[in-house]
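Trainee: I would like the atomic coordinates for the input below:
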Amino acid sequence: MTEPAASGSSSTVPLRRLRIERLDPKVVEILRRTSPQERWEMAFRAHEQARSMLACHFRELHPAWDDDQINAAVAQRLLRG
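Mentor: Residues are numbered from 1 along each chain as shown. Purely as a prediction, here's the structure:
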């Protein structure tokens, strides 16, 4: 199955296969005991960690890029995979 490419292009790109992983029951229990605020903070920290790791990755691959280029690459990777 395919979906149209972005920007009005007539080419198509394959759809990604949906993969759902089951959480360990112990993790589920821990998450149920946390408050919504704590879960929000955990998600925020995970997002910030992902941004930081991606920025390091892009800086290593492209040492000549400035911060704006690194941030744009990070944003694109997070938004589009």
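
Trainee: Where do the strands of the chain begin and end?
Mentor: Taking DSSP state E as the test, the strands found in the chain are 2-4, 12-14.

Trainee: averaged over its residues, what pLDDT does the last one have?
Mentor: Per-region confidence: strand 12-14 scores 61 on mean pLDDT.

Trainee: all numbers from here: first residue = 29
Mentor: Done: numbering now begins at 29, and the last item shifts to strand 40-42.

Trainee: any idea how far residue 69 is from residue 93?
Mentor: Residue 93 is 31 Å from residue 69, where distance means CB to CB, to the nearest Å. For every residue, glycine as well, the C-beta is placed using N, CA and C.

Trainee: same question, residue 101
Mentor: Separation of residue 101 from residue 69 (CB to CB) stands at 26 Å.

Trainee: Compare those two (neighbour count), which wins?
Mentor: Remark: of residue 101 and residue 69, residue 101 carries more neighbours, 18 against 12, as counted by other CB atoms under 10 Å.

Trainee: pretty sure the more buried one contacts residue 93?
Mentor: Yes. Because the distance of 7.5 Å satisfies CB atoms under 8 Å, residue 101 is recorded as touching residue 93.

Trainee: so what sits against both of the two?
Mentor: Residues touching both residue 101 and residue 93 (CB atoms under 8 Å, 6 or more residues apart in numbering): residue 86.

Trainee: list the buried ones in the top helix by length along the chain?
Mentor: Criterion DSSP state H: the longest helix present in the chain is helix 64-89. Buried positions in helix 64-89, judged by neighbour count with 16 or more other CB atoms under 10 Å: 82, 83, 86.

Trainee: Quick check: the last one vs residue 45, distance?
Mentor: Read that as residue 86. From residue 86 over to residue 45 the distance is 26 Å, taken as CB to CB.

Trainee: Any stretches of the chain with poor pLDDT?
Mentor: The chain contains residues with pLDDT under 70 at 29-44.

Trainee: Go again with 50.
Mentor: Low-confidence segments of the chain, defined by pLDDT under 50: 29-33, 37.
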